[in-house]
Every structure is written in C-alpha cells, then in structure tokens.
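1. All I have is the shape, not the residue letters:
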C-alpha cells in the first residue's frame, strides 16, 4: 500500500476514506482534519484558552499534542482517580501525562532556540498540567466512594463519570478557561449514540454533540475535536508521533456495555467500512435538519446549593450528595 | 423446563418474558397476546373486514390462523411473484397457502357440525384466498421486471417490495377491505428500525408503526398484529399448531442488509434477552412522548395519474412507471 500523497510506503490505510498515507503525511493529515472539525463545529478560536482533559491514554494525549502543534493555548488537566487494578493504573496514567508534557516542552525549547522569530512560545505562554488527586482533595479514591454508594456498588463507572465531570467543570471555571476539550473519538461517540439509540433515551440522545455550549454562567463550553477520528487513527497518531501512552484500559471498563457496543460497531464497520462515521454523521445531520422536537429531552437545571454547578435535582447536585452522605454516615458512627 | 401455567413440559422458553409454556398454553398465549396488541394499537374491530397478506411463510399463515381463531373476518391474499430460485419458490409458497385454507375450512366444518349454535361460520361467511399472479396480471415475473430496470438490476427486492405494496393496496381497495394486515414480526420490525436508525432516515423512521392510518381515500389501514411477537414465537406457533409453511427464505433475500441486521440484533438478544423488544418499544414510546418534530420526514403525496394510488412523485407513481418504461421500450423496438 502506497501513500496517496507521495507514493512512499503507507503506515495506515483508512478504508472508510479510501485513503492510505505514509507516516509523515499522516502526521500532517490528523491536525488538518482536527482543525477542519474545530472550525466546522465552531469549537473555539485561537484566542480562547483551552483545557484538555488528559487521562494518559492515546486519545487525550494525541489531542493535546495536535492542539499545541496547531498553535492553540491548550493546558492539560489530569484527574487522579486512585485506581490500581493490579496494574498501578492511576499512577502509570499520571506519569504518562507528565512525561508527555516534559518531552513536549523540551521539543518546544529546541524549536525555540533553533528558529528565532514568530512561532510557538513567543508569547511567553507555556503549557501547564493541572493535577487533581481525588483522594487528596476529597479524602477518598474512586473505588472507595463507589464501594460505599448504591450508584457505584456494582461498577464504579457511573460514580467515576459523575466525579470527573464535576472536577473538570470546576478546574475549567476556576482557571478561567473558555473551553474544555476531551479526547472522545468517533468510536466512543458512535458507541454512546448506539447505546442511547437502542434505549431511545431522548435526554441523552439530544445532549450528544461535538460541542456542548456553556449554557450556565461560569461553565466552560465542552468540545470533542476528535469526534470524527477513528480510534485506530488516534492510536496510529500517537504511535507515529512517538507519544508514549498507557495501553491498559481502565481495569473497571471490562465487560462494560459501551465496550460491547464498540465490538458490534466494529463488526459492522468490518463488513462495511464507514458504517460508524455514517451513523454518527447522519445523526448530526438529521438533528440539524429538524428530526427532533425542539423541547424533547430538555431538563430544567438549577444551580446546586453547595457548589453552584448545574443540576436537575432540587438542592444539592449528585456530586455534592455523594460526600454529604459520607458526612451523615460519619456522624451516625459518632 | 416446566410450563408456568400447568407444570407440564414446556415447548418454549421465552427468556425476554421469563415465561415458559407447554404447547396447549402457548397456543392460547399467542392469540391472547395478538388480541392485546390489536386493541392496544387500535388496529381493527370485530366488525371490520381484514385482508391478510400471506406469503406461505410461518408468520403470515400463523397470523391468518390466529385472526380467524379470534373470530375476525379475515380473508387472505397471495401474490404470485414468479420466483423459482431452484426451489420452485413461488409455486411452493402458493401451495402452502391453499393447503392452509383447505385444512382450516375442513376444521371449521367439523367444528360447525359438532357444535350447533353460535360460533364460527354461522354468519355464512367463509374465508377466501385472493390470488394475484404478477406474470398473468402484468405480463412479467418479478425477476423479469427486476432484470430490465435500474432499480432491480443488482437485487430484485426493491422492485418486488414496490409491486407487492401496490398490489396489496389495490386488492384491499377493490375488495372493500378496511384493513390490510401483514405478518411482520418483532425481528422484522426491529431490523428495519435498526437499519433506518443507522442511517437516521427521518422519512422511513417516522413511517414505521404498528398501524399506518389510511390517510388517502380508498386506501386500507395497514396493521402488523405480530409486531411484538418474536420470530421464534411465530415459528413455534406454526409448528405447535401443525401449520405447514415454506421453510426457505426467498432465494433473493440471501446477503440482504436486513438479514445482516437481524444477525446483529440476535447476537445482542443472546447476550441480553429482551434487547429487540426494548429497542422497538422504547422507540414507539419515545415517539409518543414527542421525541420527533411534528413535521419531520413528512412528504407531500399526490394521487398517481394512472392508478390513483398515493405517490410522492408528480404524474405517475413508481409502480406505473415500471410498466410505462416497458411500453416505451417495446415501442422503440418496433
């Protein structure tokens, strides 16, 4: 297989695009595509401050890399979940993020010293990694919180998602970021859409988008610049670019519905390349063309009495109730 | 496995309903369920005349059987497609329908002579089978028409569907039937919904329902009384009831998308019993609760200039154009 652009040996063949590329041209193609999606879905402008949620995995580190190379002012945020799972999962993930940043900084320093004049780093701005350790901040790891709550007892994923969303919002708000970017790729988006479609869950269906506007004061816009990039493309980007990332999935993800849905979509994609992309894009198109009723799935949101983040519940949001319950339990023990 | 109702050996275990039944109770359960769906979706009343489209397969013959046993005035209609496929497919199918009717009539005659008083047959009404042979009526079999049209060249299924819909409408209208019933089961409905959802096809999505109202004068309402019955349940009904049916799928169905979608749904159903039913029912529920915009996917329909049936095209409908083109071709040959 030859690269469509230069005829050299291709490193990836993207059947759904009928496009094979060599390493060099693939490393150009991914940022070009990302920039196209950022503009198409009006995600953010070069003036805005972006916070990238990084997990140490291929998607989020590749995204951070791409955004920085595209010249965006993108800082990272790592959330330490305190998950071990026999593979020291959280610590390894954290290390990958730190290593990525220090490698990148030394590359940027080299670029800076080699090429005087306009370019990266001239504004004096340097990318930062914010680290929030859940256990340090709230006194318990994710597995601990999950174990003592009904929501998390069978599987910590729901509690983990809730906590991560809250923390990401808080760090973005406190840091004055305009935009919160996550590394969700097409496989993630298609699998979530698939699950929400199987259940015809109006609320979730209609909230899935490349951009979620900041509809409450103090909240950052949420964007997914990789939403049209296949998982294997983002993995290939990390490999070709030489980004080290954590290969392990979260130990708790095993057997999850979203993984089962990904497998089904992979099977359909194999039989008919482009299935996932068409599924996701035709959903976005149908919504844009007015398939859904305007007020379908809308939920009234209030500010949480304690943290101020939007919640559909009256009084405290689900996040604050997690810790409130713990305090009550502790008082009962006393 | 024991029958939930009587403790005898069960013939079927319906995992999605957590219900196992013996032959006798299963033969009661299917008509009860069908009656429940007929009422729930307001399909038809005992006074209305029903035309059942029968193909010689398990679903449509079981449906006709169930409707007659429930006391509905249901006639059958068989459309001879002229498909051989090495298995004499159309002739075999036709024979199955005729044999079903003659068996049923002799059973009804026995019931009549044994049980004087009110019951089946007292009104003097007897079920009829209307037979329309496409080649006799229009001069060409389905494979012939398909072979000379762009629409049918790669696969005759689209042309076949178009012709069957037209003929069913015509027979229902000419015979003064209120309702046209088809044997679509849950597996069919879920697979069609799945395909339309993968493509987010607004028009098709919103037209899928247990009941399609007769929205043009002279058209019969279309209903699917088995829409919530799994394929294996309708097959089991035919087997236990002793209905002979044609086991072969249509020879042209092989490799079709809808069969591929059925396989995927079967796989999900195996991992999580009830998936298909939940998918279909939650779609109906979401629509009822206003998920979709009121006018989404709506198409302006006119009466075809030639046959009067509704069409989205100006002038002739797609069915009449099929034969018009043939006439033009014939004239060109002259």
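-> Received, thanks. Bear in mind that the values here come from a model prediction, so they are computed numbers and not experimental data. Numbers count the residues shown, from 1 in each chain, chains lettered A, B, ... in the order given.

2. For the longest helix seen in chain A, give the mean pLDDT please.
-> Ordering each helix of chain A by length in residues (DSSP state H) puts helix A:89-114 first. The average pLDDT within helix A:89-114 is 88.

3. buried stuff in that helix?
-> Buried residues in helix A:89-114, counted by 16 or more other C-beta atoms under 10 Å in any protein chain shown: A:89-90, A:93-94, A:96-97, A:100-101, A:104, A:108. In short, each C-beta sits where N, CA and C put it, glycine included.

4. tell me which element the nearest residue to residue A:175 once chain neighbours are set aside falls in.
-> Of all residues not flanking residue A:175 in the chain, residue A:51 sits nearest, at 6.5 Å (C-beta to C-beta, 6 or more residues apart in numbering or on different chains). According to DSSP states H and E, residue A:51 maps onto strand A:49-54.

5. The next helix or strand after that strand packs against which elements?
-> Following strand A:49-54 in sequence order, the next helix or strand is helix A:58-69 (DSSP H and E). Counting contacts by 3 or more C-beta pairs under 8 Å, 6 or more residues apart in numbering or on different chains; DSSP states H and E, helix A:58-69 packs against helix A:23-40, strand A:49-54, strand A:73-80, helix A:89-114, helix A:231-241.

6. And the contacts of helix A:58-69?
-> By C-beta atoms under 8 Å, 6 or more residues apart in numbering or on different chains, the surrounding residues in contact with helix A:58-69 are A:30-31, A:34, A:50, A:52-54, A:74, A:76, A:96-97, A:100, A:104, A:120, A:127, A:181-185, A:188, A:225-226, A:231, A:234-235, A:237-238, A:241, A:243, A:245.

7. swap in stretch A:292-311?
-> Contacts of stretch A:292-311 (C-beta under 8 Å, 6+ apart): A:166, A:169-170, A:201-207, A:215-216, A:218-219, A:286, A:312-320, A:324, B:289-294, B:296.

8. so who does the residue nearest to residue A:175 touch?
-> Going by C-beta under 8 Å, 6+ apart, residue A:51 touches A:74-77, A:130, A:168, A:171-172, A:175, A:177, A:179-181, A:220.

9. most neighbours, which of those residues?
-> Within the contacts of residue A:51, most neighbours by other C-beta atoms under 10 Å in any protein chain shown means residue A:181, with 30 neighbours.

10. So which bits of the stretch 101-250 of chain A are right by chain B?
-> Residues of the stretch 101-250 of chain A lying near chain B by C-beta under 8 Å from any C-beta of the partner chain: A:197-202, A:205.

11. which of these sit farthest apart?
-> Taking C-beta to C-beta as the measure, these span a maximum distance of 13.3 Å, between A:198 and A:202.

12. For the residue of the stretch 101-250 of chain A found nearest chain B, list the residues it contacts.
-> Residue nearest to chain B within the stretch 101-250 of chain A: residue A:200 (3.9 Å; C-beta to the nearest C-beta). If a contact means C-beta under 8 Å, 6+ apart, then residue A:200 has B:279, B:282-283, B:285-286, B:291 as its contacts.

13. now swap in residue A:144 and tell me
-> Contacts of residue A:144 (C-beta under 8 Å, 6+ apart): A:82, A:135.

14. Which of the helices or strands spans it?
-> With DSSP H and E as criterion, residue A:144 is part of helix A:142-147.

15. List the buried residues for that helix?
-> For helix A:142-147, a neighbour-count test (16+ other C-beta under 10 Å) marks A:142-146 as buried.

16. before we move on, what about stretch A:210-221?
-> Across stretch A:210-221, burial judged by 16+ other C-beta under 10 Å covers A:210-211, A:214, A:219-221.

17. Check the secondary structure at residue A:315 for me.
-> When classified by DSSP: H, G, I helix; E, B strand; the rest coil, residue A:315 comes out as coil.

18. For it, which non-adjacent residue is closest in space?
-> Nearest to residue A:315 is residue A:305, by C-beta to C-beta, 6+ apart, at 5.4 Å.

19. burial measure for the one you found, as a count.
-> Neighbour count of residue A:305, defined by other C-beta under 10 Å: 12.

20. Chain B versus that one, what's the distance?
-> 30 Å (C-beta to the nearest C-beta, to the nearest Å).

21. Show me where the stretch 101-250 of chain A has its helices.
-> All helices of the stretch 101-250 of chain A, identified by DSSP state H, counting those that start in this stretch, fall at A:134-138, A:142-147, A:150-153, A:157-174, A:186-198, A:202-207, A:231-241.

22. Please list all residues in contact with the residue nearest to residue A:99 when sequence neighbours are not counted.
-> Nearest residue to residue A:99, sequence neighbours excluded (C-beta to C-beta, 6+ apart): residue A:244, at 6.2 Å. Going by C-beta under 8 Å, 6+ apart, residue A:244 touches A:96, A:99-100.

23. got these as TSV, with distance to residue B:162 columns?
-> As requested, those are arranged in TSV below (distance: C-beta to C-beta, whole Å):
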residue	distance to residue B:162
A:96	57
A:99	62
A:100	58
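
24. just those residues now: which is nearest chain B?
-> For those, the minimum distance to chain B (C-beta to the nearest C-beta) is 33.0 Å, reached by residue A:96.

25. pretty sure the closest one contacts residue A:246?
-> Yes. Checked against C-beta atoms under 8 Å, the pair residue A:96 and residue A:246 is within contact range at 5.2 Å.

26. which residues do the two both contact?
-> In contact with both residue A:96 and residue A:246: residue A:56, using C-beta under 8 Å, 6+ apart.

27. and stretch A:180-188, average pLDDT?
-> Stretch A:180-188 comes out at a mean pLDDT of 97.

28. who's in contact with the residue of the stretch 1-150 of chain A found nearest chain B?
-> Closest residue of the stretch 1-150 of chain A to chain B, C-beta to the nearest C-beta: residue A:16 (14.3 Å). The contact partners of residue A:16, by C-beta under 8 Å, 6+ apart, come to A:230, A:269, A:273-274, A:276-277.

29. that older thread, for beta bridges, what are the partners of the residue nearest to residue A:175?
-> In this entry, residue A:51 is beta-bridged to residue A:75, residue A:180, by DSSP bridges.

30. Give me the pLDDT value at it.
-> pLDDT, read off for residue A:51, is 98.

31. how close does it sit to residue A:182?
-> Residue A:51 sits 10 Å away from residue A:182, going by C-beta to C-beta, to the nearest Å.

32. who touches both of these two?
-> Contact criterion C-beta under 8 Å, 6+ apart; residues shared by residue A:51 and residue A:182: residue A:168.

33. what comes into contact with stretch A:251-259?
-> Applying C-beta under 8 Å, 6+ apart, the contact partners of stretch A:251-259 are A:83-87, A:89, A:155-157, A:160, A:188, A:191-192, A:195, A:249.

34. Quick one, which of the residues you listed are buried?
-> A:83, A:89, A:155-157, A:160, A:188, A:191-192, A:195.

35. and the gap between the residue lying closest to residue A:92 once chain neighbours are set aside and residue A:238?
-> Of all residues not flanking residue A:92 in the chain, residue A:246 sits nearest, at 5.4 Å (C-beta to C-beta, 6+ apart). Residue A:246 is 11 Å from residue A:238, where distance means C-beta to C-beta.

36. again with residue A:23
-> 12 Å.

37. got a list of what residue A:14 touches?
-> A:20-21, A:230, A:233 are the contacts of residue A:14 under C-beta under 8 Å, 6+ apart.

38. Where does the prediction get shaky in the stretch 151-300 of chain A?
-> A:218 (pLDDT under 70).

39. which one among the buried residues of helix A:142-147 gets closest to residue B:2?
-> residue A:146 (39.9 Å).

40. was I right about the closest one contacting residue A:156?
-> Yes. Look at residue A:146 against residue A:156 with C-beta under 8 Å: they come within range, at 3.3 Å.

41. ok, for residue A:216, nearest residue in space, not its chain neighbours?
-> Counting by C-beta to C-beta, 6+ apart, the residue nearest residue A:216 is residue A:310, at 4.6 Å.

42. How much space separates that neighbour from chain B?
-> Using C-beta to the nearest C-beta, residue A:310 is found at 23 Å from chain B.
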